[in-house]
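Colleague: mind folding the following:
(one chain, ligands or ions: 5)
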Amino acid sequence: MQKSFTVWAVLVCQSLGWNVYAQDMDYESARWHPIHFKPAIDTAKDEQCLACHQEIIESKVKPESPAGVKAKDSLAWYQTLEVYQGEQETFHRRHLVTPLAKKLMNLKCNTCHQGHDPREAAPVPPTNSNAGFSLRKTVNPETTCLKCHGQMNYQVMGLPSPWPESHKLFTTCMTCHTVIRSVRHQVNYLNAEAIEAAAKESPDACYGCHGGRAWYRVAYPYPRHAWPGVGAEVPEWAKNRPTESEPRFRLPKQTAAK
Ligand code: HEC
Ligand code: HEC
Ligand code: HEC
Ligand code: HEC
Ligand code: HEC
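Modeller: Numbering: from 1, shown residues only. Ligands and ions are numbered 1, 2, ... in the order given. Predicted structure coming up:
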C-alpha cells in the first residue's frame, strides 16, 4: 500500500510539474516533507498540497452504504434546510469546491492546517487532561470552525430572543447591519462582496455562518472593527475584543493602511 502510494505520488507530482516534491521520494520522506511544518506551510499553495493529497478533493461520499442505506435518504436536520444544496459531500469538498463554498469563501489548505508533527500524534498513555497534542492535523477549531459554526450572539445585539423567534420582528439582519458593524469580512478566506450580494438574495445567507449551522454551544468573539458611525463608548462585553482580524488573515491593503 505504501509502495503504491509512493509510485502514485511521484506520478501525480511529476505530471503536475512538482518534481521537487516527489523526486525519488519514498513514503516516509513524503510524510515528513518540510511543507507540512512551519515555516513552509505558511506560504504553501493549495496546488502543492494537492499534488500529493488529491483525494481531499477527488474522493466523494458513496451513494449507498454497504448495508444499502442511501446517502440521499439519510439527511441530518440542517441538510433539509433551504441553505443546503446538492448531493451529500465530504467535509473538505463542502469547504473548498461546492457552489456555495466557492461563492462565499476562499478557504485554503493552510487557512485551517497550521502544520503538524507526526511524532506527536497523540499522548501515550492517553490522558483526559489537555496535553496540547493535536492528533497530527493541527486544525484549531477555536480559530477556524467556531467562526462560521458558532451560535448567534443575539444578546449583544439587543435582540429579545434567538433569531428563529426574533426574525419575525426584524425580518432580516440587514435591518440593522446596513449601518451597524458595516466593516466586516475583510479577510483573505472570505469573499466579502459576494456575501453582501447573497444577503440581498436570501435573508438566510448571513444566518448560515452566524448561527444557522451552529455545531457549538458558544458564539465566536469576533474582532470589533470600527465602522462609520461607531460611538466612542465601547460596550462592556466588547472591552476585551480585538479591533482587527488576526494578522495572517488580513488583506494586504489593510496591512498597508496601518
Ligand atoms: C510529497 C507529498 C506530500 C505533500 C506535498 C504534502 N503532503 Fe501531507 N502527507 C503526505 C504523506 C505521505 C502523509 C502521511 C499520510 C498517512 O500517514 O496516511 C501526509 C500527511 C498529512 C496530514 C496528516 C494526515 C493524518 O492522518 O495524520 C495532513 C493533515 C497533511 N498531510 C496535510 C498536508 C498539507 C496541508 C499539505 C500542503 C501544505 C501537504 N500535506 C503536502 C504527503 C504529502
Ligand atoms: C475548513 C478547514 C480545512 C480546510 C480548508 C482544509 N482542511 Fe484538511 N482537514 C481539516 C480537518 C478538521 C481535518 C481532520 C479531519 C479528521 O480528523 O477526521 C482535516 C484532515 C485532513 C487530512 C487527513 C486525512 C483526512 O481526510 O482526514 C489531510 C491529508 C488534509 N486534511 C489535507 C488538506 C488539504 C490538502 C487541504 C487543501 C486542499 C485541506 N486539507 C483543507 C480541515 C481543513
Ligand atoms: C469561513 C467559514 C467556515 C469555516 C471556517 C468552517 N466552515 Fe464548515 N461550513 C461553512 C459553510 C458555508 C458550509 C456549507 C457549505 C455548503 O452547504 O456547500 C459549511 C458546512 C459544514 C458542515 C456540513 C457538511 C455537510 O455536508 O453536511 C460541517 C460538518 C462543517 N462545515 C464543519 C466544519 C468544521 C469542523 C470546521 C473547522 C475545521 C469548519 N466547518 C470550518 C463555513 C465554514
Ligand atoms: C435589531 C438589530 C439587529 C439585527 C436584526 C441583527 N443584529 Fe447583529 N448586531 C446588532 C448590534 C447592535 C450588534 C453589536 C454592535 C456593537 O458591536 O456594538 C450586532 C453584532 C453582530 C455581530 C458581531 C457579534 C460579536 O460578538 O462581535 C454579528 C456576527 C452579527 N451581529 C450578525 C448578525 C446576523 C447574521 C443577523 C441576522 C441573522 C443579525 N446580526 C441581526 C444588531 C442587530
Ligand atoms: C461564509 C460565512 C459567513 C457569512 C455568509 C457571513 N459571515 Fe459574517 N463573519 C464571518 C466570519 C468568518 C467573520 C470573522 C471575520 C474576521 O475575523 O474578521 C465574520 C464577522 C462578522 C461580523 C463582525 C464584524 C467586525 O467588526 O469585524 C459581523 C457584524 C458579521 N460578520 C455580520 C454578517 C452579516 C450581516 C452577514 C450577511 C450579510 C454575514 N456576516 C455573513 C463569516 C460569515
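Colleague: where along the stretch 151-258 of the chain do the helices fall?
Modeller: Under the criterion DSSP state H, counting those that start in this stretch, helices of the stretch 151-258 of the chain are mapped to 163-170, 174-177, 192-201, 204-207, 252-257.
Colleague: what about the third one, average pLDDT?
Modeller: Confidence over helix 192-201 (mean pLDDT, whole number) is 96.
Colleague: ok, now the second one?
Modeller: The predicted model assigns helix 174-177 a mean pLDDT of 96.
Colleague: could you export it as CSV, CA atoms only?
Modeller: These are the backbone C-alpha positions of helix 174-177, laid out as CSV (Å, rounded to 0.1, in the frame of the first residue of the first chain):
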residue,chain,number,x,y,z
MET,A,174,-29.8,44.0,7.2
THR,A,175,-32.5,45.9,9.1
CYS,A,176,-29.6,46.7,11.4
HIS,A,177,-26.4,45.7,9.7
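Colleague: is it anywhere near ligand 5?
Modeller: Yes. Helix 174-177 comes into contact with ligand 5 when judged by CB under 6 Å from any ligand atom, the residues involved being residue 177. From N, CA and C alone the C-beta is placed, and that goes for glycine too.
Colleague: hmm, who's touching that helix?
Modeller: Here helix 174-177 makes contact (CB atoms under 8 Å, 6 or more residues apart in numbering) with 157, 170, 199, 200, 203, 206.
Colleague: as a markdown table, the residues you listed with distance to ligand 2 and neighbour count would be great.
Modeller: Shown next, in a markdown table, are the contacts of helix 174-177 (distance: CB to the nearest ligand atom, whole Å; neighbours: other CB atoms under 10 Å):
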| residue | distance to ligand 2 | neighbour count |
| --- | --- | --- |
| 157 | 26 | 15 |
| 170 | 30 | 15 |
| 199 | 22 | 19 |
| 200 | 26 | 10 |
| 203 | 25 | 15 |
| 206 | 19 | 21 |
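Colleague: now for the residues you listed, which pair is the farthest apart?
Modeller: Using CB to CB, these span at most 20.2 Å, a distance reached by 157 and 200.
Colleague: low-confidence ranges, the stretch 151-258 of the chain, go.
Modeller: Judged against pLDDT under 70, the low-scoring parts of the stretch 151-258 of the chain cover residues 253-258.
Colleague: for residue 88, which residues are in contact?
Modeller: Here residue 88 is in contact with 61, 71, 72, 75, 79 (criterion: CB under 8 Å, 6+ apart).
Colleague: then residue 207?
Modeller: For residue 207, the contacting residues are 152, 163, 173, taking CB under 8 Å, 6+ apart as the criterion.
Colleague: now, which of those residues sits nearest ligand 3?
Modeller: Minimum distance to ligand 3 across those is 14.4 Å, recorded for residue 152 (CB to the nearest ligand atom).
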